[in-house]
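> this one's structure only:
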């Protein structure tokens, strides 16, 4: 890789690093349709325009930067997302977007970015679902796997509707929905992402084979509010007990099934230190290597919980396009090919267009945390790998 491309990567990373960073934790709060998200989107637009790319925002709020004619069709698309989970790390999402611009820079420096097919870089909106509870909103809407009315009615913890938040940010919430014209332009989508585990070992870069099926379920445990200091234990209807038992049961059932189950978000009413709760709402994230295992696991957790349960999102197993996946692996000289339990926009788009993913090594395996990390040398190796596969596809 030439020095100028490396410097471009470092410069973009330095510019983006402080946006949405929460000093108290060192993590990021780049939630969809907030001020921090707007700053990230402004950064993307600036990167596109300074390179002379055609910039546009689609009907679902996803940002696009085009090298070549956007209407030509059969485009090679790369990118990721810029939003974060609460107090997330710097790499989940942004590494893919920064690397996409750097890879394009490398191709243009070599004079190999004009293979006859257009190239696009995309920032998908609201991938993490941190604010409104549903992941990959931008790509789900685009692919037609999220109903527009349902999307507009999603609420954040302050009761703000997703549709209202979009409108306040200057986007028309009544324009959202499946975008066949946009999908029809795409010949293949390749997403680079930091590894969210420690499975690459000594390899700085790998290729994804599949994404485990996964989903999110809301559990509502009902009880009766009362005074914590005067109500006898035998007179209490405390939903916190059922919630606590469900968390322990979910962990045990997941262990027995060789799967994953996590309660990572909870809301309590009335949420007073000296009050017995009247309701506990908790969200289960569960994942497994196959759909049958996941179905049985979640069914067991629900049946023993006694809660009112609503499935908020679900993504079946995704097998990435085999010819495309194998082409990437061959191009990169036999790098590791491995599945992941993490969901991505590439997994959503896989139902509509050929998709593939590259992973960049994470030495700690920690993700969705301020401790998330990738060495600069590995990030630059990721840029080189992405530029190589884009050059081949173009």
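Received it, and whenever you're ready, just let me know what you need. Everything numeric here is computed off the predicted structure, so don't read it as measured data. Numbering: from 1, shown residues only.
> Run through the strands of the stretch 51-200 of the chain in chain order.
Along the stretch 51-200 of the chain, counting by DSSP state E, counting those that start in this stretch, strands occupy 54-57, 63-67, 75-81, 119-124, 186-194.
> Figure out which of these is closest to residue 326.
Residue 326 sits nearest to strand 186-194 of all those, at 13.0 Å, using CB to CB. (Each C-beta comes from the backbone N, C-alpha and C, glycine too.)
> how far does the next helix or strand after that closest one sit from the chain's center?
As assigned by DSSP states H and E, the chain's next helix or strand after strand 186-194 is strand 205-211. Relative to the chain's own centre, strand 205-211 is displaced by 15 Å; criterion: CA atoms, centre = their mean, to the nearest Å.
> Over to stretch 381-394?
Distance, centroid of stretch 381-394 to centroid of chain: 22 Å (CA atoms, centre = their mean).
> For it, buried residues please.
Across stretch 381-394, burial judged by 16 or more other CB atoms under 10 Å covers 381-391, 393-394.
> Over to stretch 286-302?
286-289, 293-294, 297-298, 300-302.
> cool, and stretch 200-207?
For stretch 200-207, by 16+ other CB under 10 Å, it's 200, 203-207.
> would JSON lines of these with distance to residue 328 and pLDDT be doable?
Listed next are those as JSON lines, based on distance: CB to CB, whole Å; pLDDT from 0 to 100:
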{"residue": "200", "distance to residue 328": "15", "pLDDT": "94"}
{"residue": "203", "distance to residue 328": "14", "pLDDT": "97"}
{"residue": "204", "distance to residue 328": "15", "pLDDT": "97"}
{"residue": "205", "distance to residue 328": "10", "pLDDT": "98"}
{"residue": "206", "distance to residue 328": "10", "pLDDT": "98"}
{"residue": "207", "distance to residue 328": "5", "pLDDT": "98"}
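> from those residues, which single one is nearest residue 109?
Closest to residue 109, out of all of these and judged by CB to CB, is residue 205, at 20.3 Å.
> contacting residues for residue 329?
Shown in contact with residue 329 (CB atoms under 8 Å, 6 or more residues apart in numbering): 207, 335, 337.
> moving C-terminal of the strand or helix carrying it, what's the next helix or strand?
Element membership of residue 329, judged by DSSP H and E, is helix 322-331. Downstream of helix 322-331, the first helix or strand assigned by DSSP H and E is strand 337-340.
> name the helices or strands packed onto the following helix or strand past that following strand?
Going down the chain from strand 337-340, the next helix or strand is helix 345-349, by DSSP H and E. Packing partners of helix 345-349 (3 or more CB pairs under 8 Å, 6 or more residues apart in numbering; DSSP states H and E): helix 137-143, strand 186-194, strand 355-360.
> Export the ones you listed as a markdown table, with columns for mean neighbour count, distance to residue 14 and mean pLDDT.
Converted to a markdown table, the helices and strands packed on helix 345-349 look like this (neighbours: other CB atoms under 10 Å; distance: least, CB to CB, whole Å; pLDDT from 0 to 100):
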| stretch | mean neighbour count | distance to residue 14 | mean pLDDT |
| --- | --- | --- | --- |
| helix 137-143 | 27 | 26 | 98 |
| strand 186-194 | 24 | 18 | 98 |
| strand 355-360 | 27 | 18 | 98 |
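> hang on, the earlier thing: in helices only, show me the buried residues of stretch 286-302.
Among the buried residues of stretch 286-302, the ones falling in helices (DSSP state H) are 293-294, 297-298, 300-302.
> Return the member of the residues you listed nearest to residue 320.
residue 294 (18.7 Å).
> Double-check residue 223 against residue 281; I have them as touching.
No. In this structure residue 223 lies outside contact range of residue 281 using CB atoms under 8 Å: 11.8 Å.
> Touching both of those two, which residues are there?
By CB under 8 Å, 6+ apart, residue 223 and residue 281 have no common neighbours.
> Show me what the nearest residue to residue 260 once chain neighbours are set aside is bridged to.
In space, and not counting its chain neighbours, residue 260 is closest to residue 287: 4.6 Å by CB to CB, 6 or more residues apart in numbering. Under the criterion DSSP bridges, residue 287 forms beta bridges with residue 214, residue 260.
> residues touching residue 220, list them.
Contacts for residue 220 (CB under 8 Å, 6+ apart) come out as 279-281, 307-310.
> Residue 263 versus that one, what's the distance?
13 Å (CB to CB, to the nearest Å).
> ok, now residue 229?
Relative to residue 263, residue 229 is positioned 28 Å away (CB to CB).
> who's more crowded, those two?
Using other CB atoms under 10 Å as the criterion, residue 229 and residue 263 rank with residue 263 on top: 19 against 7.
> Can you classify that one as helix, strand or coil?
Per DSSP: H, G, I helix; E, B strand; the rest coil, the secondary structure class of residue 263 is strand.
> So for it, what's the pLDDT?
Note on residue 263: pLDDT of 98.
> and what of residue 172?
As predicted, residue 172 sits at a pLDDT of 97.
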